[in-house]
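what shape does this take:
(one chain, ligands or ions: 2)
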Amino acid sequence: MIDVKETSLKSMLDRAINEAKNNQSSPLLSMTKKIHDINPLRFFEAAEQLAMNRSFWSATAETFYIVGAGSACDLADGAKTIEQMEENWQNLLAEAIIHNPYKTSGTGLLTLGGMSFDRAEHKSERWKNFSHLSFIIPEFILTKNDDSCYLTINIRVREDDHPGQLAERMKRMERTLLDSSVSLPRALSIKSTEDVAPSEWKQTVKCAADYIKQHHADKIVLARELQVKLSDEAHITPILRGLIETQTNSYVFAFERGEDCFLGASPERLVKQDKDKVLSTCLAGTAPRGKTQKEDARIANSLLHDEKNRSEHDFVVKMIRQSMDHYCFNVDVPEKPVIYPLKNLQHLYTPVTATLRKWHSIFDIIGKLHPTPALGGVPREKSLAFIRNHERLDRGWYGAPVGWLDSNFNGEFAVGIRSGLVQGDQVSLFAGCGIVRDSDPEEEYDETNIKFMPMLSVLGG
Ligand SMILES: C=C(O[C@H]1C=CC=C(C(=O)O)[C@@H]1O)C(=O)O
Ligand SMILES: [Mg+2]
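Ligands and ions are numbered 1, 2, ... in the order given. Now for the predicted structure:
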């Protein structure tokens, strides 16, 4: 990695093109600057006008946004496993020419992306635009952290590139992306919804509970789908705005691939890395919110003491603790969960903190943790086999890690739940729940209905 102090795009390009010629390589040039305050959603919308594929990430508990536009490269090209992708990342970093004078996490050279829930599953037509593994380094990245905004430009430089022309092209695109007069499209409304095979799903829940009672497994997470037809082709920006405004304590994300977009507002952090500090979250066990404060407190109290929900939760805690022990020391896990309140429901929550051992990375932790028993089950292989054989859904990127990672060992990944796949005027929403021995199909069905609500309400339902 070459850390550069000079700042003009043209002189950086001259230098990078020289490197490319001398080493017969195509290094990535990454340049970051501070810019005036800009609404991340306007930047996201402006990228649509340039017909760029977009990535969006926001942690709504903080004022933190990363918006990516275009693609300088996909790290997962030619990689079948997370390990191979990490190698691509390391190779790219080794050659990259970076100018980023800021220490803020999420600025500078970074990658955003996700993966399929089950990379062993055959990909259905519906997810054809979403590779099993895809991490993009956007051409333009807007990072907003509290009141500070940063713009990063990433260019894959080739030896026959013309520095002057390339600099002009990038500047023209930058002007469009930062144009604050871009108007935000209005939200749409829902024309109809279709619950996909509800009775078959309840039957599968019963089958899973019986399988567990016969001691073949301890927990299996089953997901189902709700098809939504919109009044017109969906605009992504108003959906994201709705999620940001309504879903506190969540990660609002969107990943466009071709014409399609996978998006959602997930409350579930898989892992956050801040140098050698890592933080994971056990989130499983669910109840609705009460209509009054008193009713809400009563529901929270019974959730904390409910045996079935505690068992769903405890499987996750046990597995995450073991996985973190593998790559970390100082693993700290509180003895009991607390309540994690969301707009439409509340969960049992246990935070896990740890220190990452030298030579290990966030990719190691993702590979070890996914899928946690909040999305797969216990034991992992048996529950995955059950899901493959019985669930009538191709989960695609639903339930899998989505997030970002920068070149300074910071990053954060959520589990892609409370989410949907937008394809034109059609949205497929996904929701699942943890089946344990005492699960009742009707109750689990009701639980998934509440989990659809965050997305449904911003789609206009
Ligand atoms: C699988 C989902 O939720 C998981 C996360 C939190 C609580 C869960 C539960 O109580 O069943 C699920 O394990 C989903 O929202 O699609
Ligand atoms: Mg549950």
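
now do the SS call for the residue nearest the centre of the chain.
Nearest to the geometric centre of the chain sits residue 402, at 2.6 Å (C-alpha atoms, centre = their mean). Three-state call for residue 402 (DSSP: H, G, I helix; E, B strand; the rest coil): strand.

measure the closest residue to ligand 1 within the stretch 101-250 of the chain to residue 212 for me?
Proximity of the stretch 101-250 of the chain to ligand 1 (C-beta to the nearest ligand atom) peaks at residue 221, 5.5 Å away. Using the backbone N, CA and C atoms, a C-beta is placed for each residue, glycine as well. As for residue 221, its distance to residue 212 is 12 Å (criterion: C-beta to C-beta, to the nearest Å).

likewise for residue 149?
50 Å.

cool, and residue 123?
For residue 123, the distance to residue 212 - C-beta to C-beta - is 29 Å.

those two: which is more packed in?
For residue 123 versus residue 212, the count of surrounding residues by other C-beta atoms under 10 Å is larger for residue 212: 22 against 14.

confirm that that one sits in a helix.
Yes - counting by three-state DSSP, residue 212 is found in a helix.

what's the closest non-adjacent residue to it?
residue 437 (4.7 Å; C-beta to C-beta, 6 or more residues apart in numbering).

go on, residue 258?
Nearest one to residue 258, counting by C-beta to C-beta, 6+ apart, is residue 129 at 4.0 Å.

surely that neighbour and residue 261 touch.
No - counting by C-beta atoms under 8 Å, residue 129 does not reach residue 261; the two are 9.4 Å apart.

higher neighbour count, the two?
residue 261 (24 against 17).

partners of the more buried one in the sheet?
On the basis of DSSP bridges, residue 261 is bridged to residue 256, residue 422.

residues touching it, list them.
234, 236, 254-255, 421-422 (C-beta atoms under 8 Å, 6 or more residues apart in numbering).

so is the longest helix along the chain next to ligand 1?
Counting residues, the longest helix found in the chain (DSSP state H) is helix 307-327. Yes - applying C-beta under 6 Å from any ligand atom, one finds helix 307-327 touching ligand 1 at residue 312.

within range of ligand 1, give me the residues from the stretch 151-300 of the chain.
Residues of the stretch 151-300 of the chain lying close to ligand 1 by C-beta under 6 Å from any ligand atom are 221, 223, 268, 283-286.

relative to residue 11, how far out is residue 302?
Distance from residue 302 to residue 11, by C-beta to C-beta: 65 Å.

re the thing from before, and of the residues of the stretch 151-300 of the chain next to ligand 1, the nearest to residue 192?
When these are compared for distance to residue 192 (C-beta to C-beta), residue 223 wins out at 21.5 Å.

for that closest one, name its beta-bridge partners.
Bridge pairing for residue 223 - DSSP bridges - gives residue 432.

quick one: contacts of the helix or strand harbouring residue 208?
Per DSSP states H and E, residue 208 falls inside helix 198-213. By C-beta under 8 Å, 6+ apart, the residues outside helix 198-213 that reach it are 217-220, 222, 224, 386, 390-392, 435-439, 441-442, 444-445.

next step: the residues you listed restricted to helices.
Reading helices off the contacts of helix 198-213 with DSSP H, I get 386, 390, 441-442, 444-445.

now which of those residues would you call buried?
Buried members of these, scored by 16 or more other C-beta atoms under 10 Å, are 386, 390, 441, 444-445.

next one: stretch 382-398 to chain centre, how far?
19 Å (C-alpha atoms, centre = their mean, to the nearest Å).

typed the wrong thing, it's stretch 136-151
The answer for stretch 136-151 is 17 Å, by C-alpha atoms, centre = their mean.

report the rounded mean pLDDT for it.
Throughout stretch 136-151, pLDDT has a mean value of 97.

so for it, first residue to last residue, what's the gap.
16 Å (C-alpha to C-alpha, to the nearest Å).

pull out the buried residues from it.
136-145, 149-151.

now distance to residue 85 too, for those, in JSON lines please.
Listed next are the buried residues of stretch 136-151 as JSON lines, based on distance: C-beta to C-beta, whole Å:
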{"residue": "136", "distance to residue 85": "12"}
{"residue": "137", "distance to residue 85": "12"}
{"residue": "138", "distance to residue 85": "16"}
{"residue": "139", "distance to residue 85": "20"}
{"residue": "140", "distance to residue 85": "22"}
{"residue": "141", "distance to residue 85": "19"}
{"residue": "142", "distance to residue 85": "24"}
{"residue": "143", "distance to residue 85": "22"}
{"residue": "144", "distance to residue 85": "27"}
{"residue": "145", "distance to residue 85": "26"}
{"residue": "149", "distance to residue 85": "29"}
{"residue": "150", "distance to residue 85": "25"}
{"residue": "151", "distance to residue 85": "26"}
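
residues from the stretch 301-450 of the chain in reach of ligand 1?
312, 347, 374-375, 417-418, 431-434.

how about a cut-off of 5 Å?
374, 417, 431-434 (C-beta under 5 Å from any ligand atom).

in three-state terms, label residue 165 for me.
Residue 165 ends up helix, using three-state DSSP.

distance of it relative to residue 173?
In terms of C-beta to C-beta, residue 165 sits 13 Å off from residue 173.

so between these two, which is more surrounded?
Using other C-beta under 10 Å, the more surrounded residue of residue 165 and residue 173 is residue 173, with 19 against 10.

and that one, how far from residue 308?
Residue 173 is 53 Å from residue 308, by C-beta to C-beta.
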